[in-house]
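# this one's structure only:
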């Protein structure tokens, strides 16, 4: 082995040999070294904190420690002898690097052991020198040199990372200046909270910071003594403050109570045992009439009236506040309050307050504005009544519909029975004229059924929003005039004179001809129903600039004023006595109104009992760019739709 520097040899991470130079350098015997693993050797020479030997790939500079715990700054070189399958580590000490030789001045201070001293390397903060006084400050096992030398500061000092001590050390390294701190608080030693006076001094070599020296003394005793004095002073001061605080407590409680009362949603009033007001919160002031002038309970009754929920007036003596003055507890008294400025409802309660001697000292009255709740309850009740009326109307409507369905069915059934009889006795030819008459009756009542079913279906479609119109541009004058001409013969047979009038020859507007026909026929049918022989029906179409006015007027029996607001409602009917001339369900006008509104128009009625009625429809004078031509634009004079719509006035 020709290597003269201290070295050791390993095979498979086990030390197989060391040279004499290494033994002289490190102070351990071969017996203590050979056979150990690289990790065990690293622990012996205290380098594992810095680096593991097996991780050195070429060279590494750091500190190793002799058996006597002296620091040696070395350069470790690694060689791999592949033929011998050996790894060789050489240790070359840096010249003039021994801390004992460079810091002779510190040896006496260290040995005096008066203050704790330790020296750490830069930048790894490896402990390279220490006295026992410094070690005594630390928790076991790091309170002995044998177990702490060669370790980093964060391994030795319990919970060092994140402490003020770490911050101070880092500041010294960054600023390269000494730092002295008194009474540094440290909470992570096993003995609890301690305090330290510490001086950290950087040591330089050739202008480079090489070490940092800690000079530390524990000041826990002095701090605790001072803290004890401070505690005693604080106790005396606190006792003094408590006396002052007790003096202010009532004032603060009054302020707090006032603040709470001011922010309550309920009105609160407090009176003495004579009824004089002590306080009134903002909500109470809002509800009490002229609250700025109110001095006692009697003032609240001036220009103010109180009623119970049955609208019976409540006398002053029976108000909750007055009852409480008599020793009574009044709870949840609902009152209707009326004064010159307001009309509202409150839920009022009042309670008497007694002192320890049982004497009445004051009365607390609370009230809550329940106006909104009362109005909502009444509205719900009104809606309930309205719903009951609607349900009753629906029941009447169903009864009426049932009757209207039954009447034509009875006629048809009777005719069928008669035809069956004729067939049975072989008299069909003899009864030919009678059969034709009954066939006409069957046909007419089929029309009535068709109209009734159409109205029911369309009424349901309207309710569900599925009732549509198909707009195209048409001459509205021609449509209405054609309808009037097509029924002239029928009205004459009824002894009625129907007259058509217009102030224009042509007016093209967007409309649904089929729905217009149905609307006009329904209005004319109503006019026929409520007219007597010799009466006249007037149908007019007039240009009203942005609108076209279509009106149907008769001089028949008319409609009483009280029924005018309901005739377009789906489930409401005028007095059935008005229908003495014809049958009907009463839902046709609601469909007419829907047809008009789908055209963007409106419908109104004028009538006086015994003087006739006038229905007026206003439809916008507009055109569509894209026409829907599903239906024919020409209205036929003998169209089956006419017979259906007039089926309930045919006789």
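Sure thing, it's come through. These numbers were taken from a predicted model, which means no experiment stands behind them. Numbering: from 1, shown residues only.
# Please count neighbours and contacts with C-alpha atoms only from this point.
OK.
# is it true that residue 9 lies in a strand?
Yes. Residue 9 sits within a strand when classified using DSSP: H, G, I helix; E, B strand; the rest coil.
# who's it bridged to?
For residue 9, the residues forming beta bridges with it (DSSP bridges) are residue 17, residue 88.
# what residue ranges in the stretch 1-150 of the chain score low on pLDDT?
Low-confidence segments of the stretch 1-150 of the chain, defined by pLDDT under 70, span residues 1-2, 105.
# could you pull out the helices for the stretch 101-250 of the chain?
Per DSSP state H, counting those that start in this stretch, the stretch 101-250 of the chain carries helices over the ranges 104-112, 132-136, 145-148, 153-156, 164-175, 220-263.
# Could you check how far the fourth one is from the centre of its chain?
Mean C-alpha position of helix 153-156 versus that of the full chain (Cα atoms, centre = their mean, to the nearest Å) differs by 54 Å.
# Can you give the contact residues for it?
Counting contacts by Cα atoms under 8 Å, 6 or more residues apart in numbering, the residues outside helix 153-156 that touch it are 120, 125-127, 138, 142, 148, 160-161.
# quick one, strands of the stretch 51-200 of the chain?
Residue ranges of the strands in the stretch 51-200 of the chain, as given by DSSP state E, counting those that start in this stretch, are 59-65, 71-81, 86-93, 116-121, 127-130, 179-189, 192-205.
# could the ones you listed be laid out in JSON lines, adding mean neighbour count?
As requested, these are arranged in JSON lines below (neighbours: other Cα atoms under 10 Å):
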{"stretch": "strand 59-65", "mean neighbour count": "19"}
{"stretch": "strand 71-81", "mean neighbour count": "18"}
{"stretch": "strand 86-93", "mean neighbour count": "20"}
{"stretch": "strand 116-121", "mean neighbour count": "22"}
{"stretch": "strand 127-130", "mean neighbour count": "22"}
{"stretch": "strand 179-189", "mean neighbour count": "15"}
{"stretch": "strand 192-205", "mean neighbour count": "17"}
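# Now tabulate those strands in TSV and tack on distance to residue 467.
Output for the strands of the stretch 51-200 of the chain, formatted as TSV (distance: least, Cα to Cα, whole Å):
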stretch	distance to residue 467
strand 59-65	95
strand 71-81	98
strand 86-93	100
strand 116-121	95
strand 127-130	96
strand 179-189	84
strand 192-205	87
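# residue contacts, residue 348?
So residue 348 contacts 320, 330-335, 365-368 (Cα under 8 Å, 6+ apart).
# Give the buried residues for stretch 558-568.
Along stretch 558-568, the positions that meet the burial threshold by neighbour count (16 or more other Cα atoms under 10 Å) are 558-559, 567-568.
# what's the first-to-last distance across that stretch?
From the first residue to the last, stretch 558-568 extends over 15 Å; the measure is Cα to Cα, to the nearest Å.
# Flag the shaky bits of the stretch 401-550 of the chain, pLDDT-wise.
If you take pLDDT under 70 as the line, the stretch 401-550 of the chain has these spans: 401-419, 421-422, 428-435, 437-438, 440-456, 458-459.
# again, only this time at 90
401-469, 482-483, 486-494, 505, 514-515, 517-519, 521-522, 525-534 (pLDDT under 90).
# quick one, strands of it?
Counting by DSSP E, counting those that start in this stretch, the stretch 401-550 of the chain forms strands over residues 472-475, 497-502, 508-511, 536-544, 547-554, given from the N-terminal end onward.
# For the strand or helix carrying residue 596, give the mean pLDDT please.
Residue 596 is part of helix 588-598, with elements assigned from DSSP states H and E. Helix 588-598 carries an average pLDDT of 88.
# what pairs with the following helix or strand past that helix, and is each one parallel or antiparallel?
Tracing the chain past helix 588-598, the next element assigned as helix or strand by DSSP H and E is strand 602-608. Listed by DSSP bridges, the sheet partners of strand 602-608 and their directions read strand 612-620 (antiparallel).
# any idea of the mean pLDDT in the strand it pairs with?
Along strand 612-620, the predicted local confidence has a mean pLDDT of 94.
# what's the distance between that strand and the middle of its chain?
Put simply, strand 612-620 sits 50 Å off its chain's centre (Cα atoms, centre = their mean).
# Residues in contact with it: which ones?
Strand 612-620 is contacted from outside by 509, 523, 527, 546-559, 596, 599-607, using Cα under 8 Å, 6+ apart.
# mind running it again at 6 Å?
Applying Cα atoms under 6 Å, 6 or more residues apart in numbering, the external contacts of strand 612-620 come out as 546-558, 601-607.
# that older thread, quick check: PyMOL command selecting the buried ones in the contacts of helix 153-156.
Typed into PyMOL, the line below selects the buried ones among the contacts of helix 153-156, using 16+ other Cα under 10 Å:
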select buried, resi 120+125+126+127+138+142+148+160
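# which of the contacts of helix 153-156 lies closest to residue 218?
Residue 218 has its nearest neighbour among the contacts of helix 153-156 in residue 138, at 11.0 Å by Cα to Cα.
# Would you show me how to pick out the buried ones of the contacts of residue 348 in PyMOL?
Under the burial definition 16+ other Cα under 10 Å, those of the contacts of residue 348 that qualify are selected in PyMOL by:
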select buried, resi 320+330+334+335+365+366+367+368
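# from the contacts of residue 348, which ones fall inside strands?
Among those, DSSP state E puts 330-335, 365-368 in strands.
# Turn those residues into JSON lines, including pLDDT and distance to residue 60.
JSON lines is the format used below for the ones in strands among the contacts of residue 348 (pLDDT from 0 to 100; distance: Cα to Cα, whole Å):
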{"residue": "330", "pLDDT": "84", "distance to residue 60": "94"}
{"residue": "331", "pLDDT": "87", "distance to residue 60": "91"}
{"residue": "332", "pLDDT": "86", "distance to residue 60": "91"}
{"residue": "333", "pLDDT": "87", "distance to residue 60": "94"}
{"residue": "334", "pLDDT": "84", "distance to residue 60": "94"}
{"residue": "335", "pLDDT": "85", "distance to residue 60": "96"}
{"residue": "365", "pLDDT": "84", "distance to residue 60": "89"}
{"residue": "366", "pLDDT": "83", "distance to residue 60": "87"}
{"residue": "367", "pLDDT": "79", "distance to residue 60": "88"}
{"residue": "368", "pLDDT": "81", "distance to residue 60": "86"}
